[in-house]
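Asks: Sequence first, predicted coordinates after that:
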Amino acid sequence: AVFFFMYGTVVVYLLVESWRRAFSSAASASPNASVLRKLWFYGISAYGAGFVLWVADHVVCAQLGVGHLHMLWHGLACMGTLIFVLLLLGLTADADGFQVQLRWLRCLLLPTMPFLELSKDGGNTNGHSDSSKKVS
């Protein structure tokens, strides 16, 4: 019970604090606001879906004696954690003046792994500006 309480407290704190940073008035003025907010929604969606499957697994397992949805909870919690780490990186990059773009690695045409692409001058990488520094 102590583990669940502590884990839940940390998750709720991170959700609330990251929401505050991604949706604050300062963040709203940023050109990266839409990307940061997408990351927040994707992260909470992964966690929420995983939590629903975890609860469903406990209900089904208790009634039917079968159920392996708990594995999906681990996968979705892992993806949610990755996305929240990307959000923290995106918030830091935004504060440092980078343009942040969300990209996805694909497997069989399906988006499977998110990553951030950062550029210093809004994505102008045509070679006409010395300040054009692309960071991956």
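Replies: Ah, there it is. Numbering: from 1, shown residues only.

Asks: Could you report the neighbour count for the nearest residue to F23 once chain neighbours are set aside?
Replies: Closest residue to F23 apart from its sequence neighbours, by Cβ to Cβ, 6 or more residues apart in numbering: R37 at 6.7 Å. Using the backbone N, CA and C atoms, a C-beta is placed for each residue, glycine as well. Look at R37: counted by other Cβ atoms under 10 Å, it has 16 neighbours.

Asks: Check which helices and strands the strand or helix carrying R37 is in contact with.
Replies: Assigned by DSSP states H and E, R37 falls within helix 33-64. Using 3 or more Cβ pairs under 8 Å, 6 or more residues apart in numbering; DSSP states H and E, the elements in contact with helix 33-64 are helix 2-23, helix 69-95, strand 99-107.

Asks: want to throw the ones you listed into TSV with mean pLDDT?
Replies: TSV is the format used below for the helices and strands packed on helix 33-64 (pLDDT from 0 to 100):
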stretch	mean pLDDT
helix 2-23	87
helix 69-95	91
strand 99-107	94
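
Asks: Could you say which of these is packed most deeply?
Replies: Highest mean neighbour count among those (mean count of other Cβ atoms under 10 Å): helix 69-95, with a mean of 17.

Asks: elements contacting that one?
Replies: helix 2-23, helix 33-64, strand 99-107, strand 110-119.
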